[in-house]
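Novice: Predicted model follows, preceded by the sequence.
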Amino acid sequence: MATSPKTKPAAKASKKGFEETLWDSANKLRGSVESSEYKHIVLSLIFLKFISDKFEVQKAKIAEQYGADFVDMVDFYTQDNVFYLPEESRWSYGNCSAPPHKSGIF
């Protein structure tokens, strides 16, 4: 049987609630930073997370194929177009070095 039309608006309403919640959270995190400047902060963090994830995948691949002695060699990353990130530039470093009550905030 086909689903009743009443279930679709309910699903749409819950999605709108999620989007509103996400937007409200972003506004709280933004604080007094101007919204036109906030995008630079957010986009930079998204980019850092993206390249850190790619780095970690490549690091695991290098360790598996060549051994742990080669995981800090830049050439093994650049040959597959992956940024090499020094330890203090990685997402995991910033996330672990933050105080416990501010984890995830740089």
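Specialist: That came in fine, so what should we check first?
Novice: any idea how far the closest residue to D53 other than its chain neighbours lies from K39?
Specialist: Leaving aside its sequence neighbours, D53 sits nearest to W91 (C-beta to C-beta, 6 or more residues apart in numbering; 7.5 Å). (Each C-beta comes from the backbone N, C-alpha and C, glycine too.) W91 sits 19 Å away from K39, going by C-beta to C-beta, to the nearest Å.
Novice: So for these two, which residue has more residues nearby?
Specialist: More neighbours surround W91 than the other of W91 and K39, with 19 against 12 (other C-beta atoms under 10 Å).
Novice: can I assume that one is in contact with L48?
Specialist: Yes: in this structure W91 lies within contact range of L48 using C-beta atoms under 8 Å: 5.8 Å.
Novice: list the buried ones in stretch 39-48?
Specialist: L48 (16 or more other C-beta atoms under 10 Å).
Novice: All the helices of this structure, residue numbers only.
Specialist: 7-30, 35-66, 75-78, 91-97 (DSSP state H).
Novice: Just put those helices in CSV and tack on mean pLDDT and distance to L85.
Specialist: Output for those, formatted as CSV (pLDDT from 0 to 100; distance: least, C-beta to C-beta, whole Å):
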stretch, mean pLDDT, distance to L85
helix 7-30, 69, 24
helix 35-66, 90, 5
helix 75-78, 94, 9
helix 91-97, 73, 9
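Novice: Now distance to Y84 too, for those, in JSON lines please.
Specialist: Formatted as JSON lines, the helices of the chain follow (distance: least, C-beta to C-beta, whole Å):
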{"stretch": "helix 7-30", "distance to Y84": "30"}
{"stretch": "helix 35-66", "distance to Y84": "7"}
{"stretch": "helix 75-78", "distance to Y84": "4"}
{"stretch": "helix 91-97", "distance to Y84": "14"}
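Novice: The residue nearest to the spatial centre of the chain and F70: what is the separation?
Specialist: Central residue of the chain (C-alpha atoms, centre = their mean): K49, 3.7 Å from the mean position. Distance from K49 to F70, counting by C-beta to C-beta: 25 Å.
Novice: got it, and Q79?
Specialist: To F70, Q79 is 12 Å away according to C-beta to C-beta.
Novice: Which one of these two is surrounded by more residues?
Specialist: Applying other C-beta under 10 Å to Q79 and F70 shows that F70 carries more neighbours, namely 13 against 9.
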